[in-house]
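*Asks:* Sequence first, predicted coordinates after that:
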Amino acid sequence: NAGVMQNPRHLVRRRGQEARLRCSPMKGHSHVYWYRQLPEEGLKFMVYLQKENIIDESGMPKERFSAEFPKEGPSILRIQQVVRGDSAAYFCASSPVQGHGYTFGSGTRLTVV
Amino acid sequence: AQTVTQSQPEMSVQEAETVTLSCTYDTSESDYYLFWYKQPPSRQMILVIRQEAYKQQNATENRFSVNFQKAAKSFSLKISDSQLGDAAMYFCAYRREIIQGAQKLVFGQGTRLTINP
């Protein structure tokens, strides 16, 4: 049973480009969460999604950031017109409908040059 | 809003010795969960230990144990017989419910633990 799969592991983008980060939750998990970790800081919650629904996006920046979890395929975190301050590690986690089992992926390190 | 504070940015310990990492939190809820996560250089977030607030008994996982003081809102992690593989960033986290069955974690700033051979 594969864990939470994130890709790519590393992503380099020039300022102004778009970044797309992918997350496939664990089998049987229907809740997906995205977190951002700036250098030398803890993880900060960004958004919580279920299939085809954004439930809580209270941690998402108001502009340039969006997330989706379509009926088929992975969850996508999209950052448009990236800036240097977007450089960070982005983590995805998933959990089942009931009970515990909050599992993190290995993260995507985004570097904006 | 819940907050989590780790006041020790860095700690070091001699191999085989015991070290305690501190964490305090703020909440108005009475039932909640607290966690310690380990993040080695590989970046993977590894769950070390979990404590449920309604349980008075402190959680233990092999060499890892917690001192949970609910009234003081304190949740420290003790690592006994430290090993070189314990070197990592350690994050304290509070679990906050979004809706039934879904939660988000509020993390502290982290403590970087170095093990001296």
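*Replies:* Now that the structure is in, tell me what you want to look at.
*Asks:* Pretty sure A:Pro25 sits against A:Val4.
*Replies:* Yes: using Cβ atoms under 8 Å, A:Pro25 makes contact with A:Val4 at a distance of 5.9 Å. For the C-beta atoms, the positions are set from N, CA and C on the backbone; glycine is no exception.
*Asks:* Quick check: the residue of chain A nearest chain B.
*Replies:* Closest to chain B within chain A is A:Gly42: 3.4 Å, counting by Cβ to the nearest Cβ.
*Asks:* what sits against that residue?
*Replies:* B:Val4, B:Phe91, B:Ala93, B:Phe107, B:Gly108, B:Gln109, B:Gly110 (Cβ atoms under 8 Å, 6 or more residues apart in numbering or on different chains).
*Asks:* re earlier: residues in contact with both of A:Pro25 and A:Val4, list them for me.
*Replies:* What both A:Pro25 and A:Val4 touch, as defined by Cβ under 8 Å, 6+ apart, is the set A:Cys92, A:Ser94.
*Asks:* what residues are up against the residue nearest to A:Val113 when sequence neighbours are not counted?
*Replies:* By the measure of Cβ to Cβ, 6 or more residues apart in numbering or on different chains, the closest residue to A:Val113 outside its immediate chain neighbours is A:Arg14, 5.8 Å from it. Residues near A:Arg14 by Cβ under 8 Å, 6+ apart: A:Val82, A:Val112, A:Val113.
*Asks:* now those: which count as buried?
*Replies:* A:Val82, A:Val112 (16 or more other Cβ atoms under 10 Å in any protein chain shown).
*Asks:* So which bits of chain A are right by chain B?
*Replies:* Contact residues, chain A versus chain B (Cβ under 8 Å from any Cβ of the partner chain): A:31, A:33, A:35, A:40-45, A:48, A:50, A:55-56, A:59, A:89, A:91, A:93, A:95, A:97-98, A:100, A:102, A:104, A:106-107, A:109.
*Asks:* of these, buried ones?
*Replies:* Among the residues of chain A next to chain B, the ones that count as buried (16+ other Cβ under 10 Å) are A:31, A:33, A:35, A:42-45, A:48, A:56, A:59, A:89, A:91, A:93, A:95, A:102, A:104, A:106-107, A:109.
*Asks:* Could I get the buried residue list for stretch B:35-45?
*Replies:* B:Phe35, B:Trp36, B:Tyr37, B:Lys38, B:Gln39, B:Arg43, B:Gln44, B:Met45.
*Asks:* Okay, helices next: where are they in chain A?
*Replies:* Counting by DSSP state H, chain A has no helices to list.
*Asks:* Quick check: which ranges of it have low pLDDT?
*Replies:* Within chain A, the segments meeting pLDDT under 70 span A:1, A:98-101.
*Asks:* Spatially central residue for it, please.
*Replies:* A:Trp34 (3.8 Å; Cα atoms, centre = their mean).
*Asks:* Chain B now?
*Replies:* B:Trp36 (2.8 Å).
*Asks:* Now do the contacts for that one.
*Replies:* B:21, B:23, B:47-49, B:64, B:66, B:75, B:77, B:90-93.
*Asks:* Among those residues, name the ones in strands.
*Replies:* B:Leu21, B:Leu47, B:Val48, B:Ile49, B:Phe64, B:Val66, B:Phe75, B:Leu77, B:Tyr90, B:Phe91, B:Cys92, B:Ala93 (DSSP state E).
*Asks:* Specify the beta-bridge partners of the first one.
*Replies:* Using DSSP bridges, the beta-bridge partners of B:Leu21 come out as B:Leu77.
*Asks:* Isn't it up against B:Ser7?
*Replies:* No: assessed by Cβ under 8 Å, B:Leu21 is found out of contact with B:Ser7, at 9.8 Å.
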